[in-house]
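Q: can't give you the sequence, but here's the structure:
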């Protein structure tokens, strides 16, 4: 009788032990699953950040190329002595043929973003350089930083400050002031890249 009574008791204890093991295994499995999901999300975010940085770098390089095109193909050739082309606007409403040059300064209004200003004021007169191999569509406009059209001396233009020359003297015994006839030009480039990203770059040059 005693032996028969012990068997069911031992059987019940073994069943209880197996139940605890299953619960612990489920808890460990849940923890491992959550850790794996967290790792996957972290890796995905890292790849996304790296991709965004690559897109940003590509857009910046496209903006630099736009600046070179403007300088070499338009501003420098038309800045020669006697050339009056930069005294007035040089724009059309065709983005493929417009030189996108404004002889006077224009800026966004207060609380207006450059994208809003571009769409409202500049888009019709921009120059489109097409889409590069990285998928960046590059457009630009040029502003001469002057209040009026005409020659820089009378157009109230922003200019580099005059410098002091050491070769001459004036009444006070100091150096002579050498006037600077260079004018500031602002090149604004809009780059629309992959994933609907929009970037603006601006370069100010003195010529």
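A: That came through, no problem. Bear in mind that the values here come from a model prediction, so they are computed numbers and not experimental data.
Q: Would you map the helices across the chain?
A: 2-70, 114-117 (DSSP state H).
Q: hey, least reliable of these by pLDDT?
A: Between the helices of the chain, the lowest average pLDDT goes to helix 2-70, which shows a mean of 69.
Q: Name all residues that make contact with residue 129.
A: When contacts are counted by C-beta atoms under 8 Å, 6 or more residues apart in numbering, residue 129 is found next to 66, 69, 138-140. (Each C-beta comes from the backbone N, C-alpha and C, glycine too.)
Q: Not counting its neighbours along the chain, what's nearest residue 141?
A: residue 100 (4.4 Å; C-beta to C-beta, 6 or more residues apart in numbering).
Q: so what's the residue most central in space within the chain bridging to?
A: Among the residues of the chain, the one closest to the centroid is residue 199, at 3.7 Å (C-alpha atoms, centre = their mean). Bridge pairing for residue 199 (DSSP bridges) gives the partners residue 191.
Q: Quick check: it touching residue 57?
A: No: counting by C-beta atoms under 8 Å, residue 199 sits too far from residue 57 to count as a contact (10.6 Å).
Q: tell me the contacts of residue 120?
A: Going by C-beta under 8 Å, 6+ apart, residue 120 touches residue 112.
Q: Can you read off the pLDDT for it?
A: 95.
Q: how close does it sit to residue 142?
A: In this view, residue 120 and residue 142 are 18 Å apart by C-beta to C-beta, to the nearest Å.
Q: Residue 97 too?
A: 15 Å.
Q: same thing with residue 195?
A: 28 Å.
Q: which non-adjacent residue is nearest residue 108?
A: residue 117 (3.8 Å).
Q: Neighbours of the one you found, how many?
A: 17 (other C-beta atoms under 10 Å).
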